[in-house]
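Engineer: for reference, the sequence and a predicted model appear below.
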Amino acid sequence: MNPTLLWILSAGLVLVGLAGIVLPALPGTILVLAGLVLGAWIDDFTRVGWFALAAIAVLAVLAWLMDYISAMLGAKRAGASRQAVIGAAIGTVAGIFLGIVGVLFMPLVGAAAGEYLARRNHQQAVRVGISTWIGLMAGMLAKFVLAFMMIGIFLVALLV
C-alpha cells in the first residue's frame, strides 16, 4: 500500500481519537494509540522503536483508566453513597445515547439522583452531582494531556 495513504490513515486515526476523548461513541485513547502504532509500523519501527511505543502504551493505559476512575473519585470525594456511585455509572452509560450533552451532564444527574435516593437530602445530592461532574471534567482534561504526551513522544522519536 502507498506510504502516503498509510500516513494519512495514521493521522486520521489520531485526530479521530482526539475527538473520541470527548465523544462517547469513539474509543479515543485506543484510536490515538492505533494511529501512532500504525505510524511506527509504516517506518518498520526504525525511528519510533519499541521503547517509545512502550512509553506511549503506558500513557494510553493511564488515559483509559481515567475514563473509569475520574467521575467515581469525584463522587467519593464528596462523601457519596454507594447509590450515588452507581447512579454516576448509570448516568455515564445513559449519556452515551444522548450525545455530547449527555456525556457531559448525565453522570452529574445520575450521581445526584442516586445520592438523593440514598439520603433524601437535596443539598448533599447536588454537592455529590457537582463533585462527580468536576471529576469527569478533570479526567477528560487529564486524558487530553496524556494523549498529547503520547503524540509528543511519537513525534520526538520520529523526528530526532
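Structural biologist: Good, I have the coordinates.
Engineer: where does pLDDT dip in this protein?
Structural biologist: Scanning the chain for pLDDT under 70 picks out 24-25, 71-72, 75.
Engineer: mind jotting down where the helices sit in it?
Structural biologist: Taking DSSP state H to define them, one finds helices in the chain at 3-20, 28-42, 50-77, 82-96, 99-119, 122-159.
Engineer: who touches the fifth one?
Structural biologist: To tie it back to what came earlier, the one meant is helix 99-119. Identification of contacts with helix 99-119 by CB atoms under 8 Å, 6 or more residues apart in numbering yields 22-24, 71, 75, 80-92, 94-96, 98, 121-122, 124-126, 128-133, 136. Where you see a C-beta, it was placed from the backbone N, CA and C, and this is true even at glycine.
Engineer: PyMOL command for the buried members of these?
Structural biologist: Command for PyMOL that selects the buried part of the contacts of helix 99-119, burial taken from 16 or more other CB atoms under 10 Å:
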select buried, resi 24+71+75+80+81+83+84+85+86+87+88+89+90+91+92+95+124+125+126+128+129+131+132+133+136
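Engineer: for residue 160, give its distance to residue 69.
Structural biologist: Computed as CB to CB, to the nearest Å, the residue 160 to residue 69 distance reads 33 Å.
Engineer: the more surrounded of those two?
Structural biologist: residue 69 (14 against 6; other CB atoms under 10 Å).
Engineer: surely residue 142 and residue 70 touch.
Structural biologist: Yes - contact criterion CB atoms under 8 Å: residue 142 and residue 70 qualify, at 7.1 Å.
Engineer: count of residues packed around the nearest residue to residue 98 once chain neighbours are set aside?
Structural biologist: Among residues not flanking residue 98 along the chain, residue 106 sits closest, at 6.3 Å (CB to CB, 6 or more residues apart in numbering). By other CB under 10 Å, 24 other residues sit near residue 106.
Engineer: perfect, that will be all.
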